[in-house]
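*Asks:* Attaching a predicted model along with its sequence, questions to come.
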Amino acid sequence: MRLSTAIQRGALPGSLLLHGPRGVGKQRLALWVAQSLVCSAPGTDGTPCGRCQSCRFALSLAHPDVHWFFPRPRLESGATNKDVTNDFADAIAERAAGSGLYAPSSGLEGIYVATVRVIVQLASISPAMGKRKVFIIGDADHMVSQEGSDEAANALLKLLEEPPANTTIVLTSSEHGALLPTIRSRVVNVRVAPLARRDIELFLADSVVADAMRRAHRDVSTADLVRLANGAPGALIAADEREAAIESAERLLASALSGDRSKTIRAAMAQGTSRARGRFADILDALTELVAERARAAVASGDDRVALGASRAMASIERAKTLIPNNVSPALITAALLRDLSAELS
């Protein structure tokens with residue numbers, strides 16, 4: 001494996017971006033990289049031993065030098081670094097209790113400036129247990145730009161560009177095109193490919209996984225689960241909610257492309273009120289993916305005009321997402337967004 005070889009040679013870049021399909025296991029891979037880096041007795045191939053104290057702590061998500069961040073609900077204004085740290089400690093404990101199985105982040109969750117400040121602060125501190133510290137920033141495309149946060153944002157960019165010699169930063173993203181260009185330019189990209197059928201079968205053979213899949217997918221055979229996973233076992237978790245979000249996003253995109261004003265009005269009104277903000281945020285996440293697919297197809301065919309329009313449309317969707325936490329009605333957000341998409345994708 002490319003990563004283990006780089007770890008064994010001491011040639012792993014200081015800042016990495018693991019990107020690939022949603023549910024393929026990018027954050028799990030990032031945790032494995034972290035375990036490999038803090039292991040006291042790694043193998044000759046760079047893989048962690050799994051037996052030393054550092055490995056045991058890393059496997060239980062309790063290693064003091066492995067810091068895992070991912071989208072979370074926005075804390076109240078004035079939240080301190082301690083508040084953020086406690087929030088993540090609770091969230092990680094919840095994920096650990098679920099044996100590593102957890103639903104994907106909601107579109108209403110983000111990586112906010114308070115979290116960025118904690119990351120930058122921790123990066124300035126010496127490792128607590130070993131010689132290295134590792135930061136994992138999962139779903140980094142959920143990083144939220146905020147007014148007045150330039151200082152924190154610039155500090156993070158500097159950290160990504162020149163991490164301390166004892167620090168490794170691993171970002172993950174299912175839609176790395178939605179990442180800020182200033183972030184993409186400062187990390188080494190590593191694509192995480194879909195898993196082979198045999199690997200999916202081994203994943204589903206685990207007793208804890210099997211129990212969870214039986215609860216989530218009643219009367220579905222293992223063979224069908226392998227097919228549904230399509231190389232990304234995480235896609236089997238909360239699959240119904242994700243499928244509903246994709247279907248809603250497809251309807252929004254179709255109404256925007258139709259150019260029919262009455263259709264766009266009906267599509268906007270269907271998004272409901274602020275009480276549906278969580279579901280609406282997931283729909284916008286799915287819409288970003290659909291438009292990104294359109295952009296990739298346009299680039300592959302050499303259609304620069306469509307590719308540029310899709311890029312602008314993705315920016316419009318990201319701006320729409322920033323309005324959700326402000327209690328703006330999803331119907332109002334959708335009406336303005338569909339107007340923009342109709343112009344950008346026509």
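*Replies:* Received, thanks. Residues are numbered from 1 along each chain as shown.

*Asks:* ok, residue 189 - contacts?
*Replies:* 17, 19, 176 (CB atoms under 8 Å, 6 or more residues apart in numbering). Every residue, glycine included, has its C-beta placed from N, CA and C.

*Asks:* Looks like the second one contacts residue 26 (just checking).
*Replies:* In other words, residue 19. Yes: using CB atoms under 8 Å, residue 19 makes contact with residue 26 at a distance of 7.2 Å.

*Asks:* So these two - more neighbours on which side?
*Replies:* residue 26 (27 against 23; other CB atoms under 10 Å).

*Asks:* ok so, going back, between the contacts of residue 189, which is nearest residue 264?
*Replies:* Ranked by distance to residue 264 (CB to CB), those are led by residue 176 at 29.3 Å.

*Asks:* Could you give the backbone dihedrals for that closest one?
*Replies:* Backbone geometry at residue 176, expressed as degrees, to the nearest 10, gives phi -70, psi -10.

*Asks:* which residues touch residue 306?
*Replies:* Residue 306 makes contact with 294, 295, 298, 345, according to CB under 8 Å, 6+ apart.

*Asks:* which of those residues lies closest to residue 144?
*Replies:* Comparing the contacts of residue 306 against residue 144 with CB to CB picks out residue 295 as the nearest, at 21.9 Å.

*Asks:* show me where pLDDT drops low in the stretch 51-200 of the chain?
*Replies:* Within the stretch 51-200 of the chain, the segments meeting pLDDT under 70 span 98-100, 107, 145-152.

*Asks:* give me that answer again for 50
*Replies:* 147-148 (pLDDT under 50).

*Asks:* where exactly do the helices run in it?
*Replies:* 53-59, 81-97, 113-123, 150-161, 181-184, 197-205 (DSSP state H, counting those that start in this stretch).

*Asks:* taking those together, which one is wrapped up most tightly?
*Replies:* helix 113-123 (a mean of 20; mean count of other CB atoms under 10 Å).

*Asks:* just the strands in the chain please.
*Replies:* Assigned by DSSP state E, the chain shows strands spanning 15-19, 66-69, 133-137, 167-173, 188-191.

*Asks:* Residue nearest the middle of the protein, spatially speaking?
*Replies:* residue 139 (1.7 Å; CA atoms, centre = their mean).
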